[in-house]
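Peer 1: here is my input, please return the structure:
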Amino acid sequence: MNALLTPEQTRLFRHNGFLKLSHPLPQETVEDLKAAVWADLNNEVEPIVRSSDGTPVRLSQIMDRNNTIFRQAATSPPVLDPLESILGPNIEIVRNRHNHATLNLASKNTDRFHRDITQWTQPLATVIFYLEETHLDNGCTQLIPGSHLLPGINYLHNIDQEPWVVDSGIVHQAVPMPMPAGGMLLIDSLVFHRIGTNHTSNTRMSMTIGYRSVDELAGVEDPKCLQARGERPYTGNDQT
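Peer 2: So this is what the prediction gives:
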């Protein structure tokens, strides 16, 4: 299987700020991931994020858990091959942004539009792994195409309440992104996006991982990152 992006797909990602990956995770992998999420939630394997009433809603730090299925899925060819078309051959996973699995339970609250990073000088590629089918009823992801090209904002959340964003009317240009179980969505982390409201009584489980190119100017290895593919070259011009 060749999951590398075509030049046209790469250009579309650069233009819109997001792209559905062509090759979904195998169904067996999806079921293994779901079982691992439920096992750690039922056994209360911390860290777990809970809602205000104590209900578990998120499994955090999944790359660092004893069950290696999370890391295996996040570093599998259907994920890293298309990412290599965007990030190059040397790829790392960021442990301190995303790195979680979420149940996305029914809620009356509406998620606000947000970004995953504040400025274009610190880019990040987000991959959302949909472990259950997502559609309008259960709160599929919504994105504003091209919003990754808009100015940086020095905070991540509620950016749709920023006066210039309100005045622009771009929030009304958001598009829903239904996805099958096993489907993966690649997002430029500057694109405005949010989770839709889940109007059903079921979960809408997903896993979210952040990736970036290895920093070729970093003189030391970042302990908050996990090598996913390739090497850690150093090309600083202070080399002797």
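
Peer 1: could you use CA atoms for every contact and neighbour count after this?
Peer 2: OK.

Peer 1: give me every residue that touches residue 73.
Peer 2: Listed by C-alpha atoms under 8 Å, 6 or more residues apart in numbering, the contact set of residue 73 reads 25, 29, 79.

Peer 1: the first one contacts residue 185, doesn't it?
Peer 2: In other words, residue 25. No. If you go by C-alpha atoms under 8 Å, residue 25 and residue 185 don't touch, sitting 11.5 Å apart.

Peer 1: ok so, going back, so of the contacts of residue 73, which ones are in helices?
Peer 2: 29, 79 (DSSP state H).

Peer 1: out of the contacts of residue 73, which one sits closest to residue 112?
Peer 2: residue 79 (27.3 Å; C-alpha to C-alpha).

Peer 1: any idea of the pLDDT on the closest one?
Peer 2: Looking at residue 79, its pLDDT reads 96.

Peer 1: read off the pLDDT value for residue 18.
Peer 2: 98.

Peer 1: okay, now it: neighbour count?
Peer 2: 25 (other C-alpha atoms under 10 Å).

Peer 1: got phi/psi on it?
Peer 2: phi -160, psi 160 (degrees, to the nearest 10).

Peer 1: for the remainder of this discussion, apply numbering that starts at 546.
Peer 2: Taking 546 as the first residue, the last one we looked at is residue 563.

Peer 1: ok, now how distant is it from residue 637?
Peer 2: Distance of residue 563 to residue 637, given as C-alpha to C-alpha, to the nearest Å: 19 Å.

Peer 1: cool, and residue 765?
Peer 2: With C-alpha to C-alpha as the criterion, residue 765 and residue 637 are 14 Å apart.

Peer 1: same deal with residue 556?
Peer 2: 22 Å.

Peer 1: who has more neighbours, those two?
Peer 2: Neighbour count, other C-alpha under 10 Å: between residue 556 and residue 637, residue 637 has more, with 25 against 13.

Peer 1: and that one, backbone torsions?
Peer 2: phi -130, psi 150.

Peer 1: packing partners of the lowest-mean-pLDDT helix or strand in the chain?
Peer 2: Between all helices and strands in the chain, the lowest mean by mean pLDDT, DSSP states H and E belongs to helix 708-713, at a mean of 90. In terms of contacts (3 or more C-alpha pairs under 8 Å, 6 or more residues apart in numbering; DSSP states H and E), helix 708-713 is packed against no helix or strand at all.
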